[in-house]
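Colleague: Okay, here's the prediction I keep looking at, along with the sequence it came from:
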Amino acid sequence: MKRLAVFAGSALLAFSLSASAQEVTLKMGHAASSKHIFQTGLEIFAKKVAEKTNGNVKVEVYGDRQLGDDKQLLEGLQIGLIDGALVSTATLPLVVGAGSFDALQQPFAVKSYEQLSAVLTSELGDELLATLDAKSIKGVGFVDAGLRHFLAKDKDVSSVADFAGLKTRIVPIPLHKAIWEAIGVNPIGMAYGEVYSALETGTIDAVEINLSSIQSESLYNAAKKVTLTGHYFWPGAVMLSSQAWGKLSDADKKAVEEAGRETTTEAYALAATQEADTITFLKDNGVTITELSDLDKMKELTAPVVESWKGKDPLIAKFLDAYAKGE
C-alpha cells in the first residue's frame, strides 16, 4: 500500500512537471505607439492565445519600440533573441528578403478592408505566411494599421501636380521607391521613429502614412495637411521566432494559429471602423483634411508599377488575381 502511494505521488509529480513544462510566456513587441491599433491587435491576439491554450501560452505585449524598431524586431526574431513581434509587412522585403510580401502594398489593388481580410485568412494568406518558414520565422496572422494617405507639413496637396518635388519619407524598398517616383515626389528612405523630428525640422516635407499613426505618434503637431489618397493598406504580420514556436506543443501550435486567423478577422473589422473617428480627431486638432481632386491620375501613374511587380514573384500575381476577382 505504501509503495502504491509512493508510486501515485511520483506520477502526480511527473504530471505536474509535464504540465508546467508546457507553460510558455512569449514576449512580443511592435514599433508603433502603445496607443496604436498594432497594440490593440496584439492584445486581441494575446487574449485569444490564452483562451485557446487554456493558459498554457501567455503573450506579453511591448509597444513603443521597447523591444526595438521593425528592423531590430525582425533580426531578433531570426536569431531567437525575440519571441515574437508584429511588424509592418513592408519591411519584410527590406530586412529578410521576403519579396512576396510586396503583394500587400500594390497601389489601388485592394477594394476594401473586408476584401483584404478575406484574402489574408484564405489559403493564399497561409501560403504567404509560410514563405517566412525559410527565414526562421513563423507567421500566424495579420493586423492592419489602416489605409495609407499623405501628410504634408505646410503645403496643401489637392492634385497630383502638388506632389511634385516634395521631400517625402517612404519605407526604403524598391516597390515604394518606384511608386512614389512615378507620382513625382522626392522619396527619402527613413526609419519610422525619425519621422516626427524630420517633419519638425523640415528634413522632409511630407510622409505617406496611415491616419492611425498620425494620431498615435502625435504627428499632427508637426504637420497639418492631410490628403486622403488611400493608395494601399498597411498590414502588419504577427510572427514568432522558430525557437519560440518550437517550445509549443502540437496542440498549442494549432491553437496559436487559430488565434492568429481569428485576430486577423477581428483586427481588420476594427481598422475598418476607426478611420472616420480618426479624421474627426485630426480635424479637432487643427489638421486640414483634403480629397485629391484627380485620384484617377494617381492611379494611372502607378498602374505600370503594379504591372511590373506582377512578374517579380508568383505570389504577387496570385494576390493581384485574387484582388481583381474580389475574393
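Modeller: Here it is on my side, so go on. Just so it is clear, the model here is predicted, and its values are computed rather than measured. Numbering: from 1, shown residues only.
Colleague: In contact with R169, which residues?
Modeller: I188, G189, M190, V195, A198, I204, A206, V207, E208 (C-beta atoms under 8 Å, 6 or more residues apart in numbering). In short, each C-beta sits where N, CA and C put it, glycine included.
Colleague: for the residues you listed, which one is nearest K167?
Modeller: Using C-beta to C-beta, I204 is the member of those that sits closest to K167, with 4.8 Å.
Colleague: Can you say which helix or strand has the closest one in it?
Modeller: In the assignment (DSSP states H and E), I204 maps to no helix and no strand.
Colleague: what about G55, neighbour count?
Modeller: Counted with other C-beta atoms under 10 Å, the neighbours of G55 add up to 10.
Colleague: separation between it and G41?
Modeller: 21 Å (C-beta to C-beta, to the nearest Å).
Colleague: List the contacts of the helix or strand in which H149 is found.
Modeller: Taking DSSP H and E as the criterion, H149 maps to strand 148-152. If you take C-beta under 8 Å, 6+ apart as the criterion, strand 148-152 is touched by 157, 163, 166, 168, 199, 205-211, 214, 219, 223, 225-234.
Colleague: where along the stretch 1-150 of the chain do the strands fall?
Modeller: Using DSSP state E, counting those that start in this stretch, the strands found in the stretch 1-150 of the chain span residues 24-30, 57-62, 84-88, 137-144, 148-152.
Colleague: Using PDB, write out every CA atom in the first one.
Modeller: Listed next in PDB are the C-alpha coordinates belonging to strand 24-30 (Å, rounded to 0.1, in the frame of the first residue of the first chain):
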ATOM      1  CA  VAL A  24       5.300  29.300 -22.200                       C
ATOM      2  CA  THR A  25       5.400  33.100 -21.900                       C
ATOM      3  CA  LEU A  26       6.100  34.900 -25.200                       C
ATOM      4  CA  LYS A  27       7.300  38.500 -25.200                       C
ATOM      5  CA  MET A  28       6.000  40.200 -28.300                       C
ATOM      6  CA  GLY A  29       7.000  43.700 -29.500                       C
ATOM      7  CA  HIS A  30       5.900  46.200 -32.100                       C
END
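Colleague: Check which helices and strands it is in contact with.
Modeller: Packing partners of strand 24-30 (3 or more C-beta pairs under 8 Å, 6 or more residues apart in numbering; DSSP states H and E): helix 37-52, strand 57-62, strand 84-88, strand 235-241.
Colleague: Which among the ones you listed is found nearest to D133?
Modeller: The nearest among these, by C-beta to C-beta, is strand 235-241 at 10.8 Å.
Colleague: Next, the angle helix 37-52 makes with that closest one.
Modeller: Counting by axes from the mean of the first three to the mean of the last three C-alpha atoms, to 10 degrees, strand 235-241 lies at 50 degrees to helix 37-52.
Colleague: so what does strand 235-241 touch, helix or strand wise?
Modeller: Secondary elements touching strand 235-241 (3+ C-beta pairs under 8 Å, 6+ apart): strand 24-30, helix 37-52, helix 70-79, strand 84-88, strand 137-144, helix 250-284.
Colleague: coming back round to it: G29 is nearest to which of the helices and strands packed on strand 24-30?
Modeller: Of the helices and strands packed on strand 24-30, nearest to G29 by C-beta to C-beta is strand 57-62, at 4.4 Å.
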